[in-house]
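Enquirer: I need the structure of the sequence given here:
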Amino acid sequence: MVLRRPQLAFVSLFILPFAIVIPNRDGTFLFFLATILAVMSCASILDKKHESPMDLRWLLILLPWPVWVIVNALFSGTFQHVLDIGKNLRSLSYLAPLLALLLLFSAPKHASRATIALPIATCLAGIVALVQKVYFGQERAFGGTHPILFADITLILICLSWVTRSYWNVTAQTCHRLMALATLFGGIAIITSGSRGCWLALPVMGFLLLHYRLRDNRKQMAVAMGTMLILIPMLYFIPQVQQRVNTGIEQASNYFNGSDYNSSVAARFTVWELSIYEMIPSSPITGTGYQGFKSKLHTLAVSGKTHRKFTWISHAHNEILHVLTEQGIVGLSAFLIMYIGSYRMLIGNAQKSKDNQRLKLAVRLLFAGFIVYGLTDTMTGNLITHTFFCSMIAWLSLIIDQTKRFQRLNP
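Expert: Numbers count the residues shown, from 1 in each chain. Sure thing, here's the model as predicted:
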């Protein structure tokens, strides 16, 4: 059976949450698969001369970033990195907004029903994490990618599953069971990953969810917040969590004492300092160019401004510093247009829907997850995270548009 255009686009959306468990560490396979399906969907629309319902303002929001990255690469001498395919986690990450535009243009029917993939992918992430920890004896679960990406995307999947469960088109009993399993297995994946940065997002995401559920009852809200503040520190008594927290504290202490620079915490402090005092001032307008951070770091190591053991690091481990370092002030402007523009666009459209509170919560959870993630890592520097983020923007936009369309047809 040949899949029709709506089915192709639906499949493209459905497979995206599984990015963290498909054994393709840099995410290239999934990115190309989703892109091919989206292109075929768009081609079908053009062949039939149908008009796409995509709001053209999305072009102004999502295009500046990839266009600037490519143009800057041409003039900065880093264009060879733009063509890298499957060489590292950062390959082709700048193309993620283009996939989002393809999904928006194809506008698959029943995009909201595809959200059933969110809890299924979350459950699978927990199962994979258990296999990696128990059967293979891995120190940290990583799914099909990297422990940090694995944990952060899993947390966002859990939260978005809670918000979108009314769209799953299953019985109430099945919905409750699937959500319980997703929460359980998702929690296992997050804990076994040992990602400290992800754990920082837990109180933020928890607050957003509690505020949505209890926003009309201040007393219950206060009790729930107090309970959460008590329970979250108790996670420290989980051996896996305790080990990672103690290691982080020890590494930070050793760094400030000058006794040990060979740790992940020390590496982050070092690249933050080098980015602020060396790299950004040297090229503040256009930056070092695409994937130019690592070569600049190597140059600083050769000149003796940092230790050579840090030259393996490929980005600034902070979203804003990473963008400023490689793309300069112009690139940061394009990045903020994408980030802030997408948020305002989604929130504004959700406000016009009857289900506006739930849809606005989904948007806030997505952006909150990546803002916290960006404190110690970079979304734009990884193909998997950037693809997931931009695709979820398109997905939420499609759900909001379909909700508004249903509302018009059924006033």
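
Enquirer: Flag the shaky bits of the stretch 1-150 of the chain, pLDDT-wise.
Expert: Within the stretch 1-150 of the chain, the ranges that satisfy pLDDT under 70 run 1-7, 46-52, 86, 89.

Enquirer: which secondary structure elements does the helix ranked longest in the chain contact?
Expert: What stands out as the longest helix in the chain, according to DSSP state H, is helix 319-350. For helix 319-350, the elements it packs on are helix 57-62, helix 64-76, helix 280-282, helix 292-302, helix 356-376, helix 383-409, judged by 3 or more Cβ pairs under 8 Å, 6 or more residues apart in numbering; DSSP states H and E. For the C-beta atoms, the positions are set from N, CA and C on the backbone; glycine is no exception.

Enquirer: The fourth one to helix 64-76, inter-axis angle?
Expert: Taking axes from the mean of the first three to the mean of the last three Cα atoms, to 10 degrees, one finds that helix 292-302 is oriented at 40 degrees with respect to helix 64-76.

Enquirer: residues of helix 292-302 that come out buried?
Expert: Going by neighbour count (16 or more other Cβ atoms under 10 Å), the buried part of helix 292-302 is Gly292, Phe293, Lys294, Lys296, Leu297, Thr299, Leu300, Ala301.

Enquirer: Surely the fourth one and Thr288 touch.
Expert: Yes: look at Lys296 against Thr288 with Cβ atoms under 8 Å: they come within range, at 4.9 Å.

Enquirer: Can you pull the residues that touch both of the two?
Expert: By Cβ atoms under 8 Å, 6 or more residues apart in numbering, Lys296 and Thr288 have these common neighbours: Met279, Thr325.

Enquirer: Could you check the pLDDT of Tyr261?
Expert: Tyr261 carries a pLDDT value of 63.

Enquirer: List the buried residues for the longest helix of the chain?
Expert: Buried, per 16+ other Cβ under 10 Å, within helix 319-350: 319, 321-328, 330-332, 334-335, 337-339, 341-343, 345-347, 349-350.

Enquirer: Could you dump the buried residues of helix 292-302 into TSV with distance to Pro97 and pLDDT added?
Expert: Shown next, in TSV, are the buried residues of helix 292-302 (distance: Cβ to Cβ, whole Å; pLDDT from 0 to 100):
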residue	distance to Pro97	pLDDT
Gly292	20	83
Phe293	20	85
Lys294	23	80
Lys296	25	83
Leu297	27	81
Thr299	30	82
Leu300	31	81
Ala301	33	77
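
Enquirer: okay, those residues in JSON lines with distance to Gly27 next?
Expert: JSON lines is the format used below for these (distance: Cβ to Cβ, whole Å):
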{"residue": "Gly292", "distance to Gly27": "22"}
{"residue": "Phe293", "distance to Gly27": "20"}
{"residue": "Lys294", "distance to Gly27": "19"}
{"residue": "Lys296", "distance to Gly27": "25"}
{"residue": "Leu297", "distance to Gly27": "24"}
{"residue": "Thr299", "distance to Gly27": "29"}
{"residue": "Leu300", "distance to Gly27": "29"}
{"residue": "Ala301", "distance to Gly27": "29"}
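
Enquirer: quick check, nearest of these to Pro119?
Expert: Phe293 (36.4 Å; Cβ to Cβ).

Enquirer: residues in contact with that closest one?
Expert: Per Cβ under 8 Å, 6+ apart, neighbours of Phe293: Met279, Ile313, Ser314, His315, Ala316, His322, Thr325, Glu326.

Enquirer: Enumerate every residue touching the first one.
Expert: Spelled out, it's Met279. By Cβ under 8 Å, 6+ apart, the contact set of Met279 is Thr288, Phe293, Lys296, Leu300, Ala316, Thr325.

Enquirer: from those, which two are the most distant?
Expert: Using Cβ to Cβ, the pair of those lying farthest apart is Leu300 and Ala316, separated by 12.7 Å.
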